[in-house]
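S.K.: Below: sequence and its predicted model.
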Amino acid sequence: MTTVAFAGPVVALRFEDDVLVALDQTALPWAERWLPLRTADDVADAILRLAIRGAPLIGVAAGYGVALALLTDPTAAELERACAVLKGSRPTAVNLAWAVDRVARAASGAGDHPPLAAAALDEARAIHAEELAASDALASHGAGLLGSSRRLMTHCNTGALAAPGRGTALAVVAELAARGRVELVIATESRPLLQGARLTVYELARLGIPHELIVDSAAAGLIARGAVDAVIVGCDRVAANGDVANKVGTYGLALAARAAGIPFVVAGPTSTIDPACPSGAQIEIEERDPAEVLGAASEGGRAELAPAGTRSRNPAFDVTPAALVSALVTERGVVRGPSVDAIATLLGPR
Ligand code: MRU
């Protein structure tokens, strides 16, 4: 296998010279390939293919996508079209629709001074900067909460590849490691698209944090045997009552953590909280191409894992009830035992 010698912090996205340049996450860890995205449709396609992924990162990218549309065609009709294309790319992470609506509002309210595109770009940049700051703030809150947990389990990828800055759950892990508190991180591979194996392990190695990779089905047994002190994951949408949609497999980890009596902690910026969504039952769960289950990415291609023609099902996320969440860590602070009231207090009047 090719090992690519990456150095320095991962920066998954940058906007320069009217182009959104994104690290193609479908090529990692085998190759560092940069995608120049020039239109809203380019951005929507990159999000759909998971070249850009992770709730806060797709929000930031989609915000730039709206600005890109207006740079070439600064009309209300194009604004409406681009927003629909971007919002249609993935349904579960609320950050996407939230960022698109926010940039669209800024552009529509701009009139001719400043022009639509400039107003949109300013707003997209503001969202990017806010998410960067949120990552640092939540890392510090989370490290305060989990200061005595030396062995952690995490799921999917929640680092710099998933959110600006150091990420969400992995930002907390990185902060704990910087404070000398981390003995071991156990990362689940996160089938079918292997965000844990391909991306989290890649980030943990770059950060020099001791880690082991497990298959998803080993997680519950290891938790039951006391292999970790806490489980920490990210989130794609948090409902108003604290129910959490996150990468498929998260619910099982929460059940195992509860049975073992260890904390199950969710980390994410407040842009991932959807106050308009009463509970997890209303969260749309993305069903992806069944072909993703039937094979796995490998260097230079794909390995087939099941007989051709096998029927499969591919829900990309699941919902963990708030009752199983020990704490929600955000840039505004920690909510222990999330509930309607606690989340409303965290968000304040909107
Ligand atoms: O399908 P993905 O890779 O976009 O799913 C990502 C996750 O589920 C992450 O855990 C989530 O976005 C939170 S971390 C930023």
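M.R.: Everything's here; your move.
S.K.: Pick out the residue closest to the middle of the chain.
M.R.: Central residue of the chain (C-alpha atoms, centre = their mean): G54, 2.5 Å from the mean position.
S.K.: per-residue pLDDT, the nearest residue to that residue once chain neighbours are set aside?
M.R.: Nearest residue to G54, sequence neighbours excluded (C-beta to C-beta, 6 or more residues apart in numbering): A162, at 2.4 Å. Glycine gets a C-beta too; all of them are placed from N, C-alpha and C. pLDDT recorded at A162 is 98.
S.K.: One more: A110?
M.R.: pLDDT, A110: 69.
S.K.: Quick check: L255 touching A323?
M.R.: No - judged on C-beta atoms under 8 Å, L255 makes no contact with A323 at a distance of 10.9 Å.
S.K.: So which of these two has more stuff around it?
M.R.: L255 (16 against 13; other C-beta atoms under 10 Å).
S.K.: for that one, what are its contacts?
M.R.: 220, 324 (C-beta atoms under 8 Å, 6 or more residues apart in numbering).
S.K.: can we see that at 7 Å?
M.R.: L324 (C-beta atoms under 7 Å, 6 or more residues apart in numbering).
S.K.: Please apply the same query to N314.
M.R.: Per C-beta under 7 Å, 6+ apart, neighbours of N314: 192, 287-290, 292-293.
S.K.: 10 Å instead?
M.R.: Neighbouring residues of N314 by C-beta atoms under 10 Å, 6 or more residues apart in numbering: 191-193, 248, 286-294.
S.K.: So which bits of the protein are right by the ligand?
M.R.: With C-beta under 6 Å from any ligand atom as the criterion, the chain comes near the ligand at residues 50, 53-56, 93, 156, 158, 162-163, 168, 195, 234-236, 246-247, 316.
S.K.: rerun that using 5 Å as the cut-off
M.R.: 53-55, 156, 158, 162-163, 168, 195, 234, 236, 246-247 (C-beta under 5 Å from any ligand atom).
S.K.: Check the burial of L20 by counting its neighbours.
M.R.: Burial of L20 is recorded as 26 neighbouring residues (other C-beta under 10 Å).
S.K.: For it, which three-state class applies?
M.R.: Three-state assignment for L20 (DSSP: H, G, I helix; E, B strand; the rest coil): strand.
S.K.: what bridges to it?
M.R.: F15, L37 (DSSP bridges).
S.K.: So for it, what's the pLDDT?
M.R.: L20 is given a pLDDT of 98.
S.K.: ditto for the one 3 residues further on
M.R.: At L23 the predicted local distance difference test score is 97.
S.K.: Count residues in the vicinity of it, would you?
M.R.: 20.
S.K.: Quick check: nearest residue in space to it, chain neighbours excluded?
M.R.: Leaving aside its sequence neighbours, L23 sits nearest to A12 (C-beta to C-beta, 6+ apart; 4.8 Å).
S.K.: ok, that neighbour touching H128?
M.R.: No - the criterion here is C-beta atoms under 10 Å, and A12 misses it with H128 at 11.2 Å.
S.K.: These two: who's more crowded?
M.R.: Taking other C-beta under 10 Å, A12 and H128 do not tie; A12 has more neighbours (25 against 22).
S.K.: Distance of that one relative to A93?
M.R.: 15 Å (C-beta to C-beta, to the nearest Å).
S.K.: now do Y64
M.R.: Taken as C-beta to C-beta, the span from Y64 to A93 is 16 Å.
S.K.: between the two, which one's more packed in?
M.R.: A93 (32 against 28).
S.K.: Report pLDDT for the more buried one.
M.R.: pLDDT, A93: 97.
S.K.: residue contacts, it?
M.R.: A93 touches 47, 53-59, 62, 99, 162, 234-237, 245-246, 268, 271-272, 274, 286, 316-317, counting by C-beta under 10 Å, 6+ apart.
S.K.: Repeat the analysis, applying 7 Å as the threshold.
M.R.: 55, 58, 236-237.
S.K.: same check, this time on M153
M.R.: By C-beta under 7 Å, 6+ apart, the neighbours of M153 are 186, 219, 223, 228, 231, 253.
S.K.: what's the span of stretch 247-265, first residue to last?
M.R.: Using C-alpha to C-alpha, to the nearest Å, the end-to-end distance of stretch 247-265 comes out at 14 Å.
S.K.: before we move on, what about stretch 303-323?
M.R.: 39 Å.
S.K.: And it, what's buried?
M.R.: Within stretch 303-323, the residues scored as buried using 16 or more other C-beta atoms under 10 Å are 314, 316-322.
S.K.: And the contacts of A93, which is closest to P36?
M.R.: I58 (17.8 Å; C-beta to C-beta).
S.K.: Would you tell me what the next helix or strand after the helix or strand encompassing that closest one is?
M.R.: Using DSSP states H and E, I58 maps to helix 55-72. Downstream of helix 55-72, the first helix or strand assigned by DSSP H and E is helix 76-87.
S.K.: and that following helix, average pLDDT?
M.R.: The model assigns helix 76-87 a mean pLDDT of 96.
S.K.: With stretch 275-283 instead?
M.R.: 98.
S.K.: For it, C-alpha coordinates in PDB please.
M.R.: Extracted in PDB, the C-alpha atoms of stretch 275-283 (Å, rounded to 0.1, in the frame of the first residue of the first chain):
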ATOM      1  CA  PRO A 275     -34.600  23.800  17.100                       C
ATOM      2  CA  ALA A 276     -37.300  23.400  14.500                       C
ATOM      3  CA  CYS A 277     -37.100  19.600  14.700                       C
ATOM      4  CA  PRO A 278     -39.000  18.400  17.800                       C
ATOM      5  CA  SER A 279     -37.400  15.000  18.100                       C
ATOM      6  CA  GLY A 280     -35.300  12.400  16.400                       C
ATOM      7  CA  ALA A 281     -38.500  10.900  14.800                       C
ATOM      8  CA  GLN A 282     -38.700  13.900  12.500                       C
ATOM      9  CA  ILE A 283     -35.100  13.600  11.300                       C
END
